[in-house]
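In: Here is a sequence with its predicted model. Questions after.
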Amino acid sequence: MTHTNHRRGSRESLSRDFVILSMIEPTSGAQRSYGGPLEERVRRFLEICGRHGPVALAARARGRRLRYLKGWTEEMNSGVHRASTLEEVMRCEEIEGGVGHAVYTDREAVIEVLRELREADLGLSIVVSGVFDEVFKACRRAGLKPHTVNMSLGTWGKVELLPDETILELCTMCGHAMISRKLAETMIERVAAGTMTPEAAAVELGKQCTCNVFNTVRALEIINRAAAEMKRVKAINI
Amino acid sequence: MKIYEDRCVRCRNCIIYCPVGAIKETENSVYVDQELCVECGVCLRSGACRNGALYQPQLGWPRILRAQFSDPLVPHPSTGIIGRGTSEMKTNDVTGRFKEGEVGFAVEMGRPGVSTSFADVEKVAMALAGRVKFEPLNPITSLIDPETGKLRDPSVGRERVLSAIIEFKTSEEEGLEILRLLKEVSREVETVFSLCVISRCRDFEIPFRSRMLGAGFQPRINGKTNVGLGRPLA
């Protein structure tokens, strides 16, 4: 699972994109039982993450996924995709397994989360995805040392099969590739045509990412930029 | 995925949701191209069809592999976990799977969003066989002969998936050679792959990053960092 690696974009844009993941090694009984019931420790992880203004927060509950995503309201629900409130995720009583996700745009929030996680000593493995310089600075300030990194060497092979960079910036925010290039293109077209708000377009993309690691705040910026460019080109061609 | 013809009203709402462009239309119908469809379930989950025309038929061997590798909500039987790979470096603080002086690789075939055939996966696995230690818990490893990289069941080669991750590790010394080898084989595949390189940190340094830069390989500025909070520590 490398689903939060390979996110694309400029340094400026990626510097406002952090994903924090909690996980336990499935084969490690010692990590599962470290410091008390796993469910309580994951709930504590979610509670800490939830207090620092995440763009997204996700938990696995029995038979379902609880998903808070900034901008996603109940009337936007479709198919199997259902919005949760931040409080619902933070106070979930049916936690299953050791996995939780939170997405942030602000490094200061990440520092606070890491600091509290260090103090809480939950025993969960914690992975932070983002620009390495930024994440390492956050580690220093939270009193942590990076243990292991997973670096991206980008995309190799028939790269001519890839869509343009703007579409990739949106689509790679779901590492399982649940967001189609056509959906991203259509959302930009609808925003440019004024038939959809950029907020609704960002949520429609984010809903497809079942792990809930999509950053709707960053997507909004990308969609607005692309839609403005589309309108500019259209105006020139008229 | 398939479409009940009698329920489909040809609204075309589902077409934009397919990550691999497998939902197609003719003058009189909308259909799922069974060669291209990777059984990821995105179209069905999206709720784009309000008439219940999309349906997931029962999948047999080897087509079932499409769902197991493409749909992140389907657990893989060889690992028992949801997703296409393993816990790799995410729990390295408690497993010690990647030690100092070792480098982990994840070659994610078909990513981002292009998809891959298992024939291409086999091509890369064969190039690596004998040089690396394939991760035993990885779903691809269960499909190949680790000595040769060849698919155990040749019929699997025709299947397509949204992505498949070849995971392995080697020494730092051998790591740069592996990167050169991957560069060569990348010219022979009909798809793309995204490449991950895993390395232990020494304080705030990443020793293998410097070696890669020295050899002309440029890692991206962003990636994943295990911050060492897992307990008990390996």
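Out: Alright, I've got the coordinates. Quick caveat: nothing in here was measured; it's all calculated off a predicted structure. Residues are numbered from 1 along each chain as shown, chains lettered A, B, ... in the order given.

In: Surely A:Cys92 touches A:Leu66?
Out: Yes. Assessed by Cβ atoms under 8 Å, A:Cys92 is found in contact with A:Leu66 at 5.5 Å. Where you see a C-beta, it was placed from the backbone N, CA and C, and this is true even at glycine.

In: who touches both of the two?
Out: A:Ala59 (Cβ atoms under 8 Å, 6 or more residues apart in numbering or on different chains).

In: Please identify which helix or strand holds A:Arg32.
Out: helix A:29-33 (DSSP states H and E).

In: State the next helix or strand along the chain beyond that helix.
Out: Counting by DSSP H and E, the element after helix A:29-33 in chain order, helix or strand, is helix A:38-50.

In: now what about that following helix, what contacts it?
Out: Looking at helix A:38-50 with Cβ under 8 Å, 6+ apart, the contacting residues turn out to be A:20, A:22, A:24, A:32, A:35, A:57, A:59, A:68, A:86-87, A:89-92, A:95-100, A:102, A:113, A:116-117, A:120, A:122-124.

In: For the helix holding A:Arg32, buried residues please.
Out: A:Gln31, A:Arg32 (16 or more other Cβ atoms under 10 Å in any protein chain shown).

In: Just the mean pLDDT for it, thanks.
Out: Per-residue pLDDT values over helix A:29-33 give a mean of 96.

In: center of chain B, which residue is that?
Out: For chain B, the residue nearest the mean C-alpha position is B:Ala164 (2.5 Å; Cα atoms, centre = their mean).

In: can you check chain A too?
Out: A:Val213 (2.4 Å).

In: Now narrow the contacts of helix A:38-50 to whatever sits close to chain B.
Out: A:Ile24, A:Gly35, A:Leu117, A:Leu122, A:Gly123, A:Leu124 (Cβ under 8 Å from any Cβ of the partner chain).

In: Surely the second one is in contact with B:Arg231?
Out: What that stands for is A:Gly35. Yes. If you go by Cβ under 8 Å, A:Gly35 and B:Arg231 touch, sitting 7.3 Å apart.

In: Those two: which has the busier surroundings?
Out: B:Arg231 (18 against 15; other Cβ atoms under 10 Å in any protein chain shown).

In: Quick one: the strands in the chain, in order.
Out: No chain was given, so I picked chain A. A:18-23, A:56-61, A:64-69, A:95-104, A:125-131, A:148-157 (DSSP state E).

In: that answer is for a different chain, and I need it for chain B
Out: B:2-3, B:23-25, B:30-32, B:54-55, B:102-109, B:116-117, B:133-134, B:160-161, B:164-171, B:192-200, B:222-226.

In: Tabulate those (a markdown table), appending distance to A:Glu134.
Out: Converted to a markdown table, the strands of chain B look like this (distance: least, Cβ to Cβ, whole Å):
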| stretch | distance to A:Glu134 |
| --- | --- |
| strand B:2-3 | 45 |
| strand B:23-25 | 39 |
| strand B:30-32 | 42 |
| strand B:54-55 | 41 |
| strand B:102-109 | 23 |
| strand B:116-117 | 32 |
| strand B:133-134 | 33 |
| strand B:160-161 | 33 |
| strand B:164-171 | 26 |
| strand B:192-200 | 18 |
| strand B:222-226 | 9 |
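
In: Just put those strands in a markdown table and tack on distance to chain A.
Out: Shown next, in a markdown table, are the strands of chain B (distance: least, Cβ to the nearest Cβ, whole Å):
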| stretch | distance to chain A |
| --- | --- |
| strand B:2-3 | 16 |
| strand B:23-25 | 9 |
| strand B:30-32 | 14 |
| strand B:54-55 | 10 |
| strand B:102-109 | 5 |
| strand B:116-117 | 9 |
| strand B:133-134 | 16 |
| strand B:160-161 | 10 |
| strand B:164-171 | 7 |
| strand B:192-200 | 4 |
| strand B:222-226 | 4 |
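
In: and the closest residue to chain A within chain B, what does it touch?
Out: Chain A sits closest to B:Gly47 of chain B, with a gap of 2.6 Å, by Cβ to the nearest Cβ. Taking Cβ under 8 Å, 6+ apart as the criterion, B:Gly47 is in contact with A:Ser78, A:Gly79, A:Val80, A:His81.
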